[in-house]
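generate a structure from the sequence data that follows.
(one chain, ligands or ions: 1)
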Amino acid sequence: MAPSPLLALPGMGDELVRVEAALRASVLTGDPHLTELASHLIEAGGKRLRPALAVAIGACIQGVPVSDEIILGGVSVELVQVGSLYHDDVMDEAETRRGVESVNFRFGNLRAILSGDYLLAKASEIAAGLGTEVAGLLAQTIGHLCEGQVRELQTVFDVERTEPAYLGSIAGKTASLFAAACRIGGIVGGLDRPAIEAATVFGDRFGMAFQIVDDILDVVATEEELGKPSGHDMAEGIYTLPVLRALHVGDDAAAELRELLGRPLTETAEIERARKLVKAGPGVEQAVTLARRYGDEAVTALDGLPRSAASEHLAAAAAGLIDSIPR
Ligand code: GRG
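I've put the predicted structure just below:
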């Protein structure tokens, strides 16, 4: 995705340098091999969007630089993100992640699972240092990620997957971590209770829009734009919003798509045909409309936060999500 306007918040660059230092320090262990495993994807990069959200919410009241506790809150959330990617790549048998070899591909499944667990343990330890509310919230969020992922597994290759099933899955697997990042920024930053609730709603709606845009990109973007093969979700049986909408049009294209899906797509020609059918129908545009609606709801939630440069950038980030879709 294109760089978020969030990262252009004055001072955000310096805040993310602090996040980076604390993130790397959090995975230094007494065992060089475990350190290598736990650092692998952290060193590979990533957008650090979730820590940036925690920082920006905290900055709504503190300005920048934010407190060390907010930086650590962002680190705990990013460690959950990275740990979940380790596990996701094992499940997907992925070979690459963040532009480098995935941990499972480089070191094997056993090490990927164990080091993913280690990252979750480190996240929990840091969260516990920030207080029982943050510790409880992070634990609950890890549960939500698992619930979302299990919901996805239950409908794999199911052309009858319903929209509520899809939305429930992405609420757990993606939006819950965005919401937690914002809520932690609010709690640790010292926002009042109504503002903490507003920040949480912002994160949830932002996360929903983010995942829908990600799912649209899987259909419409090229391999060069994505940095990974297009149509991967469809090929693997994960039918996302644009696909579900395309399946329900009731015309010849929908019938052909239905015929094509429901099983793994292994041939490039089949994947390209399925992408073409979805792109030709109204599914993509309808998914953009829903992503825009979630983005608008995120912007509205910001009314409950102190108005600041940070809240302006949060609004621009939410409103700008759909701009990353190539037209
Ligand atoms: C044990 C915590 C835990 C989870 C197990 C595997 C799983 C259940 C959940 C993961 C679900 C998942 C992979 C959701 C997708 C989230 C997502 C949109 C990832 C990509 O986020 P970006 O684009 O990536 O922000 P970077 O690399 O920039 O961080």
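
the stretch 51-200 of the chain against the ligand: which residues are in contact?
80-81, 83-85, 87-88, 98, 120, 142, 145-146, 149, 173-174 (CB under 6 Å from any ligand atom). C-beta: built from backbone N, CA, C; applies to glycine.

now with 5 Å, please.
Residues of the stretch 51-200 of the chain lying near the ligand by CB under 5 Å from any ligand atom: 84, 87, 88, 142, 145, 146, 149, 173, 174.

was I right about residue 206 contacting residue 178?
Yes: applying CB atoms under 8 Å, one finds residue 206 in contact with residue 178, separated by 5.4 Å.

nearest spatial neighbour of residue 11, skipping sequence neighbours?
Counting by CB to CB, 6 or more residues apart in numbering, residue 64 is the residue found nearest to residue 11 once chain neighbours are left out, at 3.5 Å.

now the one you found: phi and psi?
phi -110, psi 150 (degrees, to the nearest 10).

and the pLDDT for it?
pLDDT recorded at residue 64 is 96.

so which residues of this protein form strands?
All strands of the chain, identified by DSSP state E, fall at 96-97, 100-101.

distance between the last one and the chain's centre?
For strand 100-101, the distance from its own C-alpha centre to the chain's C-alpha centre is 19 Å (CA atoms, centre = their mean, to the nearest Å).

would you agree the residue nearest to residue 11 is in contact with residue 17?
No: with contact defined as CB under 8 Å, residue 64 does not count as touching residue 17 (11.9 Å).

more neighbours: the two, which one.
Ranked by neighbour count (other CB atoms under 10 Å), residue 64 and residue 17 place residue 64 first, with 17 against 10.

neighbours around the spatially closest residue to residue 20 that is not a sequence neighbour, how many?
Of all residues not flanking residue 20 in the chain, residue 48 sits nearest, at 7.6 Å (CB to CB, 6+ apart). Under the neighbour criterion other CB under 10 Å, residue 48 is assigned a count of 23.

same deal with residue 8?
12.

count of neighbours near the residue nearest to residue 118 when sequence neighbours are not counted?
By the measure of CB to CB, 6+ apart, the closest residue to residue 118 outside its immediate chain neighbours is residue 38, 5.4 Å from it. When neighbours are defined as other CB under 10 Å, residue 38 has 27 of them.

so who does residue 38 touch?
Residues near residue 38 by CB atoms under 8 Å, 6 or more residues apart in numbering: 27, 29, 115, 118, 119, 122.

and what of residue 135?
Residue 135 touches 124, 127, 128, counting by CB under 8 Å, 6+ apart.

does the first one really touch residue 139, like I thought?
Meaning residue 124. Yes: look at residue 124 against residue 139 with CB under 8 Å: they come within range, at 6.8 Å.

between the two, who's got more neighbours?
residue 124 (17 against 14).

burial of residue 143, as a residue count?
12.

same question but for residue 75, I mixed them up
Count around residue 75 with other CB under 10 Å applied: 28.

what are the ranges of the helices in the stretch 1-150 of the chain?
Ranges of helices in the stretch 1-150 of the chain, per DSSP state H, counting those that start in this stretch, are 12-26, 32-44, 49-62, 68-92, 103-107, 109-129, 132-154.

who's in contact with residue 209?
291, 292, 294, 295, 298, 318, 321, 322.

want to throw these into CSV with distance to residue 311 and neighbour count?
Below are the contacts of residue 209 laid out as CSV (distance: CB to CB, whole Å; neighbours: other CB atoms under 10 Å):
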residue, distance to residue 311, neighbour count
291, 21, 23
292, 20, 16
294, 18, 24
295, 15, 24
298, 11, 27
318, 11, 27
321, 16, 23
322, 20, 18
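
most widely separated two among those?
298 and 322 (11.9 Å; CB to CB).

now the helix ranked longest in the chain: buried residues?
Secondary structure of the chain per DSSP state H: the longest helix is helix 193-220. Buried residues in helix 193-220, counted by 16 or more other CB atoms under 10 Å: 195-196, 198-220.

any idea which of the helices of the stretch 1-150 of the chain is most buried?
Most buried of the helices of the stretch 1-150 of the chain by mean neighbour count (mean count of other CB atoms under 10 Å) is helix 49-62; its value is a mean of 28.

got the contact list for the closest residue to residue 215 other than its chain neighbours?
With sequence-adjacent residues excluded and distances taken as CB to CB, 6+ apart, residue 215 is closest to residue 240, at 3.6 Å. For residue 240, the contacting residues are 166, 212, 215, 218, 219, 233, 287, by CB under 8 Å, 6+ apart.
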